[in-house]
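*Asks:* just to be clear, the model below is a prediction. Sequence and coordinates:
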Amino acid sequence: MKNNIYPCIWFDKDGKDAAQFYIDTFGDGKITTDTQMVVTFELSGQKFLALNGGPEIKPNPAVSYMVVLEDKAELENIWNRLSDGGKVLMPLDKYEWSEKYGWVQDKFDVSWQLYFGEVNDDVHGQKFIPTYMFTQEYNGKTEQALNFYVKLFKNSKLDGVMKHQEGDMKGLVMHAQCVLDDYVIAAMDGGNGHDFHFSWGNSMFIECETQGEIDHFWNAFAAGGEESQCGWIRDKFGAWWQVIPKQLVVWMTDPQLAPKVSEAFYKMKKIDIETLKKATEQ
């Protein structure tokens, strides 16, 4: 899968250890880039980026990764590995939506939802589905957020919205799924009882070919959101994104170019491609 959108997960200094752990746990994976700061890896053809950002920030369950598995033995084996040293958020058990389901935060603080069931065509061959939980002040904004994202990205659509029919959560989103530039994400309203919300611990990379693309996403997210350094930006629904040029990872992993590009890059909020290109020519 050659998606322009993929997750960035914040680690202390153990991004490579985490990447290898996920490859060993899920199989069908490989590390594709290995530097002191950035490790990129693939699981079943999907790209992930592990950022060795330091101890100040950790992932939390506001963003988890849903994995639908058709083999119970495989699911239980993966569950045992993920839960070893981790924290069980919902026990592996039978629920009304699945014969076997569990939610776990692993020893690296990354959250996973394992779901026994049939893999549907509407996930576009994507095994790992980033799943957003809108909590606290963002509770109740899931449907609005997904409609905003669908309008912003090309090749996008809202696949379906299931809402709570009773109780305190009546009318709020139980589960929704959308496709953004051929990349599937899911989302739900999480209520007000959780002590976590979106953070730098889980963000989404958007690789852009042109400055026009960068401006398009940056300006949309900045309206009601929060601009930060180095392409990081929070949208008005609380979710964090990194809007970057496609060439950046190549430049930052080149021993000769990385120091030049870094000096210019760290001074920016919205990324200016031309300035970075000039830095590579010095």
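*Replies:* Ah, there it is. Numbers count the residues shown, from 1 in each chain.

*Asks:* going by C-alpha atoms from here, please, whenever you check contacts or count neighbours.
*Replies:* OK.

*Asks:* pLDDT wise, what is the nearest residue to residue 117 once chain neighbours are set aside at?
*Replies:* Among residues not flanking residue 117 along the chain, residue 70 sits closest, at 5.3 Å (CA to CA, 6 or more residues apart in numbering). Note on residue 70: pLDDT of 92.

*Asks:* and residue 70, how close does it get to residue 95?
*Replies:* To residue 95, residue 70 is 16 Å away according to CA to CA, to the nearest Å.

*Asks:* more neighbours: the two, which one.
*Replies:* Taking other CA atoms under 10 Å, residue 70 and residue 95 do not tie; residue 70 has more neighbours (13 against 10).

*Asks:* report the contact partners of that one.
*Replies:* Counting by CA atoms under 8 Å, 6 or more residues apart in numbering, residue 70 touches 116, 117, 118, 119.

*Asks:* and those, which of them are buried?
*Replies:* When these are checked for burial by 16 or more other CA atoms under 10 Å, the buried set is 116, 117, 119.

*Asks:* surely the first one is in contact with residue 68?
*Replies:* Yes: shown here, residue 116 and residue 68 form a contact pair, counting by CA atoms under 8 Å, at 5.8 Å.

*Asks:* quick one: the strands in the stretch 51-200 of the chain, in order.
*Replies:* 63-69, 87-95, 98-105, 111-116, 128-135, 157-163, 173-180, 183-191 (DSSP state E, counting those that start in this stretch).

*Asks:* partner strands of the third one, with direction?
*Replies:* Right, strand 98-105. Paired with strand 98-105 in the same sheet, following DSSP bridges, are strand 87-95 (antiparallel), strand 111-116 (antiparallel).

*Asks:* would you turn the ones you listed into CSV with mean pLDDT?
*Replies:* Output for the strands paired with strand 98-105, formatted as CSV (pLDDT from 0 to 100):
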stretch, mean pLDDT
strand 87-95, 97
strand 111-116, 96
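
*Asks:* of these, flag the one that's most buried.
*Replies:* Scoring those by mean neighbour count under mean count of other CA atoms under 10 Å gives strand 111-116 as the most buried, with a mean of 24.

*Asks:* that older thread, could you dump the strands of the stretch 51-200 of the chain to a markdown table with distance to residue 200?
*Replies:* Shown next, in a markdown table, are the strands of the stretch 51-200 of the chain (distance: least, CA to CA, whole Å):
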| stretch | distance to residue 200 |
| --- | --- |
| strand 63-69 | 11 |
| strand 87-95 | 20 |
| strand 98-105 | 17 |
| strand 111-116 | 14 |
| strand 128-135 | 13 |
| strand 157-163 | 25 |
| strand 173-180 | 20 |
| strand 183-191 | 18 |
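
*Asks:* okay, the nearest residue to residue 165 once chain neighbours are set aside: pLDDT?
*Replies:* Leaving aside its sequence neighbours, residue 165 sits nearest to residue 171 (CA to CA, 6+ apart; 6.3 Å). With respect to pLDDT, residue 171 scores 93.
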